[in-house]
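# I need the structure of the sequence given here:
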Amino acid sequence: MKYLIVLASGMADEPLAELGGRTPLAAAHKPALDELARDGKIGCVRTLPEPLPASEEVALLSALGFSPQEFFTGEAGLAVADSGLKMEPGQLAFMHNLTTEANGVLVDHAAGQISLKEAEVLLTSLTAAFGRPDAQFCAGHGFTGVTVLTVGEDAAPICDPPEAALGLPVARRMPHGAGSELLVRLMELSREAFLEHEINRVRTDLGENPANLLWLWGPGKPPTLPSFESRHRLSSAMVAATESARGLGRLCGMRVPHVSGATGGYRTDYTAKAQCALEAIGSMDLVVVHVASPAEASLEGNVQRKISAIQDIDAMITAPLLQYARGRDDTRMMFLCTHMASVARRRRLRDPVPVAMFGPGLEPFRRGAFSETAAQDGELGVEHGHELLQYFLTR
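Predicted coordinates for the structure are as follows:
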């Protein structure tokens, strides 16, 4: 048996008055997803257990069958595994975002989805200004990346993700707790290093949000994970652009191919991801495709961009993968909204999320559409997210 899995970050949402009480998922034209739901099983699953953070990294662990309560070691613990950065004793990895601050308020968690090339130039200037050879920066894929700092063995800084600070005074959301002083100093230094930088002058002239503040969050160290193949006796691949999804794949021994044009944001090449997945499934038993664009549109507060992302994922990823699965009698496919993200509130939420699965041995429920409401009426019978993969593989 072969298995195709699509993980869509933040696709589920709340009903919106501007959409006539529908969610973006319900309002989007998504014939492939609706076909998957109609001809397969559908239900809801909880991927973000209390008291862990409502983060994509917790949801990703759940989706790949790892109990977050057992394996979560901080958001950056996954991402640093894909960064190439080396950690020494006394060091912590941090997620970082290049953000936009205006009048002391955080207004954009992604600085207008700043490009990788621009991010690399800005981080080079910050490295020079900081002047600490033990500090390491990886630009990742642009507005997100990884920073490694020496903070001491006893450090336990408390750092909010940037979306928790959107629309709020930055001073109220700065890192605090043991070992936070260095983080605050670096964030404040980034203001000075980025303020008059040529990159930001050009962005401002073009009407784009400047990247004028480095935001540090999600401190962690890489978790020790059992290999995916030893747990499931399956060869596997992770097709993704975000550092966290790719890092998780590396930590559990999955093949992690490079996908040209994939960015981890909403300007990404969906077709390239689908093609990469279809090539990988020829030699692999299981292939995971991760897309982050619905969550990014949600955190931006852009309803139409979120609907467009859903429709693009449906047409360019779900449809060709479902066509492949339909053409074989040995292939199952699953589509999971990894977590809910409110486009109105610009926040990630920990509500149960929709999942649909199709293929041999999976008797259809005939629900007719892939939506939050239809999933709530489903009969999948899996409550905890980390139990979902085993259900999909063995049911």
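# Just confirm residue 112 is within a strand.
No: according to DSSP: H, G, I helix; E, B strand; the rest coil, residue 112 belongs to no strand; its state is coil.
# so who does it touch?
100, 203, 208, 209, 211 (CB atoms under 8 Å, 6 or more residues apart in numbering). From N, CA and C alone the C-beta is placed, and that goes for glycine too.
# Roughly how far does the third one sit from residue 113?
The reference is to residue 208. 9 Å (CB to CB, to the nearest Å).
# Now do the longest strand along the chain, average pLDDT.
Among the elements of type strand in the chain, defined by DSSP state E, the one spanning the most residues is strand 91-102. The average pLDDT for strand 91-102 rounds to 97.
# Run through the neighbouring helices and strands of it.
The contact analysis (3 or more CB pairs under 8 Å, 6 or more residues apart in numbering; DSSP states H and E) places strand 91-102 against helix 75-79, strand 105-108, strand 144-150, strand 213-220.
# and those as a markdown table, adding distance to residue 357 and mean pLDDT?
Formatted as a markdown table, those follow (distance: least, CB to CB, whole Å; pLDDT from 0 to 100):
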| stretch | distance to residue 357 | mean pLDDT |
| --- | --- | --- |
| helix 75-79 | 25 | 97 |
| strand 105-108 | 36 | 97 |
| strand 144-150 | 30 | 96 |
| strand 213-220 | 30 | 97 |
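# hang on, the earlier thing: among the contacts of residue 112, which one lies nearest to residue 189?
residue 211 (14.2 Å; CB to CB).
# Number of residues surrounding that closest one?
28 (other CB atoms under 10 Å).
# got it, and residue 16?
Applying other CB under 10 Å, we find 18 residues neighbouring residue 16.
# What's opposite it in the beta bridge?
Each beta-bridge partner of residue 16 is listed here, defined by DSSP bridges: residue 22.
# quick one: the helices in the stretch 151-300 of the chain?
Along the stretch 151-300 of the chain, counting by DSSP state H, counting those that start in this stretch, helices occupy 181-195, 198-205, 228-232, 243-251, 270-281, 293-300.
# and the second one, which residues are buried?
The one in question is helix 198-205. Of the residues in helix 198-205, those buried under the neighbour-count criterion (16 or more other CB atoms under 10 Å) are 199, 200, 203.
# tell me which strands and helices that helix is in contact with?
Right, helix 198-205 is packed against helix 116-130 by 3+ CB pairs under 8 Å, 6+ apart.
# Buried ones in the helix it packs on, by neighbour count?
118, 119, 120, 122, 123, 126, 130.
# how close does the closest residue to the first one other than its chain neighbours sit to residue 222?
For residue 118, the nearest residue in space outside its immediate sequence neighbours is residue 199; the separation is 5.1 Å by CB to CB, 6 or more residues apart in numbering. Plainly put, residue 199 is 31 Å away from residue 222 if you go by CB to CB.
# cool, residue 317 as well?
From residue 317 over to residue 222 the distance is 28 Å, taken as CB to CB.
# neighbour-wise, which of those two wins?
When neighbours are counted by other CB under 10 Å, residue 317 and residue 222 differ, and residue 317 comes out ahead with 25 against 19.
# quick one: secondary structure of the more buried one?
State at residue 317, reduced to three classes by three-state DSSP: helix.
# Quick one: residues contacting it.
Shown here is residue 317, whose contacts under the criterion CB under 8 Å, 6+ apart are 6, 270, 273, 274, 277, 289, 291.
# In a markdown table: those residues, plus distance to residue 236, pLDDT and neighbour count.
Written out in a markdown table, the entries for those read as follows (distance: CB to CB, whole Å; pLDDT from 0 to 100; neighbours: other CB atoms under 10 Å):
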| residue | distance to residue 236 | pLDDT | neighbour count |
| --- | --- | --- | --- |
| 6 | 14 | 98 | 29 |
| 270 | 21 | 94 | 21 |
| 273 | 16 | 96 | 25 |
| 274 | 17 | 97 | 23 |
| 277 | 12 | 97 | 25 |
| 289 | 12 | 98 | 28 |
| 291 | 18 | 97 | 31 |
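# so which of those comes closest to residue 361?
Comparing the contacts of residue 317 against residue 361 with CB to CB picks out residue 6 as the nearest, at 19.3 Å.
# Please name the bridge partners of the closest one.
Taking DSSP bridges, one obtains residue 289, residue 335 as the residues bridged to residue 6.
# picking up where we left off before, would you list the buried residues of helix 198-205 in CSV and tack on distance to residue 11 and pLDDT?
Converted to CSV, the buried residues of helix 198-205 look like this (distance: CB to CB, whole Å; pLDDT from 0 to 100):
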residue, distance to residue 11, pLDDT
199, 32, 96
200, 32, 97
203, 29, 96
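# so what are the domain limits for this protein?
2-71+224-394, 81-220 (automatic domain parsing).
# Out of these, which is the most enclosed?
domain 2-71+224-394 (a mean of 21; mean count of other CB atoms under 10 Å).
# first vs last residue of it, how far apart are they?
Chord length of domain 2-71+224-394, first to last residue, is 12 Å (CA to CA, to the nearest Å).
# just how off-centre is it within its chain?
Taking CA atoms, centre = their mean, to the nearest Å, one finds domain 2-71+224-394 lying 10 Å from the centre of the chain it belongs to.
# So residue 197 versus residue 105, what's the distance?
Using CB to CB, one obtains 21 Å as the distance from residue 197 to residue 105.
# do the same with residue 308
From residue 308 over to residue 105 the distance is 28 Å, taken as CB to CB.
# That concludes my questions; thank you for your assistance.
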